[in-house]
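S.K.: Using only what follows, build the 3D model:
(2 chains)
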2 protein chains.
Amino acid sequence: MMDLISPTYIINEKIARNNIRRMAAKAAENQALFRPHFKTHQSRLIGRWFKEEGVTAITVSSLSMADYFASDGWNDITVAFPVNLHEINLINRLSGCIRLGLTIEDLNTVKQLDQLLTSRVDLYIKIDSGYHRTGLEPADRDEIVAIVVAARGSRNLNFKGLIAHSGHTYQARTIGEVYTIAALSLECMKMIKSWIPDSDRCLISIGDTPSCSLLDDFGGVDEIRPGNFVFYDLMQMQIGSCQFEQVAGVVACPVVAVHSHRNQAVIFGGAVHLSKDRLEVAGQTVFGQLVEWTGLGWGKPIPESYLVSLSQEHGILEAPSAVIRKLIPGSWIGILPVHSCLTANLLRGYRTLDGVDLDHLSGF
Amino acid sequence: MMDLISPTYIINEKIARNNIRRMAAKAAENQALFRPHFKTHQSRLIGRWFKEEGVTAITVSSLSMADYFASDGWNDITVAFPVNLHEINLINRLSGCIRLGLTIEDLNTVKQLDQLLTSRVDLYIKIDSGYHRTGLEPADRDEIVAIVVAARGSRNLNFKGLIAHSGHTYQARTIGEVYTIAALSLECMKMIKSWIPDSDRCLISIGDTPSCSLLDDFGGVDEIRPGNFVFYDLMQMQIGSCQFEQVAGVVACPVVAVHSHRNQAVIFGGAVHLSKDRLEVAGQTVFGQLVEWTGLGWGKPIPESYLVSLSQEHGILEAPSAVIRKLIPGSWIGILPVHSCLTANLLRGYRTLDGVDLDHLSGF
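M.R.: Now for the predicted structure:
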């Protein structure tokens, strides 16, 4: 037994390291820089597993996360989130110590950065390659070129290239859809790159876990930034980005009540542990799937056994009566989370199958 | 200006104190004990606002939360979540220092508690009065009576009464529905109480914010445990539990990108700040509503202006073009959150309109 007390994110270190190794090898085969996104694990100790695979450059989603990893010796960090100029003091402190990459998508912010920066930073232009969350589009050709020109004329800006996140692959439910999105996204990036003066000095960076997991050939891509792949999760299984055997983390939760007459059990494991990220499975909204749990680790997913509702601390497990009948208050169960990034952000720490506790930023 | 840097939960202390005062007065008029749920704010400093209104007993949703408030001098704390016996060491430590209330719903757990407890605790039986999340039902009459008998025969258990949470009022969208649920729930509790030997020594405790906000007469109820009412939120406005003027908290977020052509802006404010709790508004799924923001506080909600999508750090605001046109990267906006409890849990701290920073447990 692992001497668990409350909901705990259990990590199979071997699987996670294999996930890292495979992605690093794929980047190398494509002569692309592997700049993994650390917003999924947010852990210095897990970060070192990447370092051992030769990773030297990383991606984060906030400046506080950059600060956290900079303090553990990472010195080439890109923040893949549009610059928030209210954080200029932290930007200047970090860029004085490490190679910091920033993401922008409007000329005015570039001009302000030029005025406010006290050290040199790498600058990426965020491109909307089809996800329509954020970024400049092909229709913004003039602004894109103007930004490159302005950045290249600035003392403290080093124009690096174009950055995209094809997050719409998360809505894909077949491998074919992921390939289609990846192909169209890359075409978009290449077209925009061709408009840029001296385009040899403009890299293309892509990021989503489904594309990076499924494609073997990243022709034309200079940098990949997947994050979610380190643990994978139920959503990535549903998309087809991974097999169950590649899922590196399961949340162990104690049962606190059993309601056999409605084939349900209540677990200590709610929205403050798992997040309210959801999936549709066979027409039902689910918040996680039950896996076999031995007390020393997890086994297979159990069919038709899902978290069907979450409140602040309660999770409601619904499963066939043969499954529910084996549970009593005090039993431990394993939950395969829908979205490992948000679950890790909430649980703020991990335990490996070997019983080692791993750190987490615990912040944003 | 408030010198904000990143997403911040801004609290109007006067409104929050009025919410507390009104609920305390209502409990007093009904001769019911006001045992507010502190899982919403999870803050020692906000807890003291309750103390100043005469509150001496509180509710929490986890033992770590009980521990946090015990360390600030609260000495009558009920954990309104089914006992997780894996936490027995913390239970025994706390019950040695304060008056600790535990919630159970099965005889076996009562027998185990009898063996494991080293100090006396108050014991509530969790009743499912219609929500069907957790608790014993009227059909479990024999087990309910057996639990009372076992508890009364135990050295360290003080049988206190019946506890229910009519969480299905959160699905109500008219005041009439809330009244109906509250009435049926109370009837259920009274019936079960009538079965208990020496029933004068069995209290009835209810808890949901919609019922506690809307009802004036709690006839038969001995204790009320609302939590959400201290801040209220968009969901409570939609249910009809409160008016906008009673909402005590808004999340200030910086705009980081503007996409006028699709009437959208991107804010630094995502699932790790606001939670993925959602509401249906006019057939659309929303994650928060825009309010006027002056830099010193907030004004009215802005019609047809909602967060329509959240990812880890990004929030997508969709609003009429006249609203979006006023925004630039760097602008601050106010977001009325869907569910104040989960938002507070994620933001882990507050700032009052007077610029005072308030603590948060930052845990579970």
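S.K.: Can stretch A:250-264 be said to contact chain B?
M.R.: Yes: Stretch A:250-264 lies within reach of chain B by CB under 8 Å from any CB of the partner chain, at A:254, A:256, A:257, A:258, A:259, A:262. C-beta: built from backbone N, CA, C; applies to glycine.
S.K.: ok, how many other residues are close to the first one?
M.R.: For residue A:254, the number of neighbouring residues by other CB atoms under 10 Å in any protein chain shown comes to 22.
S.K.: Would you list the strands that the helix or strand harbouring it pairs with, along with their directions?
M.R.: Using DSSP states H and E, residue A:254 maps to strand A:249-259. Here strand A:249-259 has these sheet partners by DSSP bridges: strand A:8-11 (antiparallel), strand A:264-268 (antiparallel), strand A:332-337 (antiparallel).
S.K.: Looking at those, which is nearest to residue A:167?
M.R.: strand A:332-337 (18.5 Å; CB to CB).
S.K.: What pLDDT does the model give residue A:205?
M.R.: Residue-level confidence at residue A:205 comes out at 98, pLDDT.
S.K.: Redo the strands paired with strand A:249-259 as a markdown table? Include mean pLDDT.
M.R.: Supplementary listing: the strands paired with strand A:249-259 in a markdown table, determined by pLDDT from 0 to 100:
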| stretch | mean pLDDT |
| --- | --- |
| strand A:8-11 | 97 |
| strand A:264-268 | 98 |
| strand A:332-337 | 98 |
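S.K.: any chance of those in TSV, with mean neighbour count too?
M.R.: Formatted as TSV, those follow (neighbours: other CB atoms under 10 Å in any protein chain shown):
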stretch	mean neighbour count
strand A:8-11	23
strand A:264-268	26
strand A:332-337	24
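S.K.: for these, which one sits closest to residue B:316?
M.R.: Short answer: strand A:332-337, nearest of those by CB to CB, at 23.5 Å.
S.K.: all helices of the stretch 201-350 of chain A, in order?
M.R.: A:209-214, A:234-239, A:271-274, A:321-324, A:340-347 (DSSP state H, counting those that start in this stretch).
S.K.: For beta bridges, what are the partners of the closest residue to chain B within the stretch 1-150 of chain A?
M.R.: Distances between the stretch 1-150 of chain A and chain B by CB to the nearest CB are smallest at residue A:82, namely 3.9 Å. Beta bridges link residue A:82 to residue A:103 when assigned by DSSP bridges.
S.K.: you'd agree it is up against residue A:103?
M.R.: Yes: the pair residue A:82 / residue A:103 is scored as a contact, 5.7 Å apart, by CB atoms under 8 Å.
S.K.: Find the residues that touch each one of the two.
M.R.: Counting by CB atoms under 8 Å, 6 or more residues apart in numbering or on different chains, the residues touching both residue A:82 and residue A:103 are residue A:126.
S.K.: Using the record's assignment, carve chain A into domains.
M.R.: A:13-231, A:244-358 (automatic domain parsing).
S.K.: quick one: terminal-to-terminal distance for the longest one?
M.R.: Distances were taken as CA to CA, to the nearest Å; on that basis the terminal residues of domain A:13-231 are 10 Å apart.
S.K.: what's the spacing between that domain and its chain's center?
M.R.: Offset of domain A:13-231 from its chain centre (CA atoms, centre = their mean, to the nearest Å): 12 Å.
S.K.: ditto for the last one
M.R.: Once both centres are worked out by CA atoms, centre = their mean, domain A:244-358 turns out to sit 20 Å from its chain's centre.
S.K.: Which neighbouring elements make contact with the lengthiest helix in chain A?
M.R.: Criterion DSSP state H: the longest helix present in chain A is helix A:175-195. When contacts are defined as 3 or more CB pairs under 8 Å, 6 or more residues apart in numbering or on different chains; DSSP states H and E, helix A:175-195 packs onto strand A:121-127, helix A:141-152, strand A:157-164, strand A:203-206, helix A:209-214.
S.K.: switch to 7 Å and redo it
M.R.: Contacts defined by 3 or more CB pairs under 7 Å, 6 or more residues apart in numbering or on different chains; DSSP states H and E place helix A:175-195 against helix A:141-152, strand A:157-164, strand A:203-206, helix A:209-214.
S.K.: That helix versus strand A:157-164: what angle between them?
M.R.: Between the axes of helix A:175-195 and strand A:157-164, defined by axes from the mean of the first three to the mean of the last three CA atoms, to 10 degrees, the angle is 150 degrees.
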